[in-house]
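Participant: Give me coordinates for this.
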Amino acid sequence: MASTLHPIIGLNHYQAYKERWRSALASILVIDDDPMVRRVLWDILSHAGHTVSTAENGEEGVAMFENGEYDVVFTDLGMSGMSGYQ
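Facilitator: Residues are numbered from 1 along each chain as shown. Take a look at the predicted model:
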């Protein structure tokens, strides 16, 4: 019968590590006026297990940021209207 122990840290520590990693996933806000960029970032980040919200311009992004709790924000610095620098 095959062992379910992790070869280095053992089962209990390995399960704890997996649970800790799962809870360490981020809430991410992506702000970009290019729908393809938003979609690609959403696909990559959400498939990695993160919670991803998107905004199509700076004004919408600021409103979402002020009303939500995000660990990370990806923003386009060269958007028309309100840029990512603002």
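Participant: what about the helices in the chain?
Facilitator: 10-23, 35-47, 58-67 (DSSP state H).
Participant: ranking those by mean pLDDT, which is last?
Facilitator: The minimum mean pLDDT among these belongs to helix 10-23 (a mean of 60).
Participant: and R39, how many neighbours?
Facilitator: A count of nearby residues for R39, using other C-beta atoms under 10 Å, gives 13. All C-beta atoms are positioned from the backbone trio N, CA, C, and that covers glycine.
Participant: how about it, what does it touch?
Facilitator: Contact criterion C-beta atoms under 8 Å, 6 or more residues apart in numbering gives no residues in contact with R39.
Participant: For it, give its distance to N67.
Facilitator: 23 Å (C-beta to C-beta, to the nearest Å).
Participant: Excluding chain neighbours, give the residue nearest to V73 in space.
Facilitator: Nearest in space to V73, with sequence neighbours left out and distances taken as C-beta to C-beta, 6 or more residues apart in numbering, is L29 at 4.7 Å.
Participant: Okay, and the beta partners of the one you found?
Facilitator: Beta-bridge pairing of L29 under DSSP bridges involves S53, V73.
Participant: hang on, it packs against V62?
Facilitator: No: L29 is not in contact with V62 according to C-beta atoms under 8 Å; the separation is 10.1 Å.
Participant: quick one: which of those two has more around it?
Facilitator: Using other C-beta under 10 Å as the criterion, L29 and V62 rank with L29 on top: 21 against 15.
Participant: tell me the contacts of the more buried one?
Facilitator: Neighbours of L29 in contact, by C-beta under 8 Å, 6+ apart: V52, S53, T54, A55, G61, M64, F65, G68, Y70, V72, V73, F74.
Participant: number of nearby residues for the second one?
Facilitator: By that I understand S53. 16.
Participant: can you tell me which residues contact it?
Facilitator: Taking C-beta under 8 Å, 6+ apart, we find S53 in contact with S27, I28, L29, V30, M64, G68, Y70.
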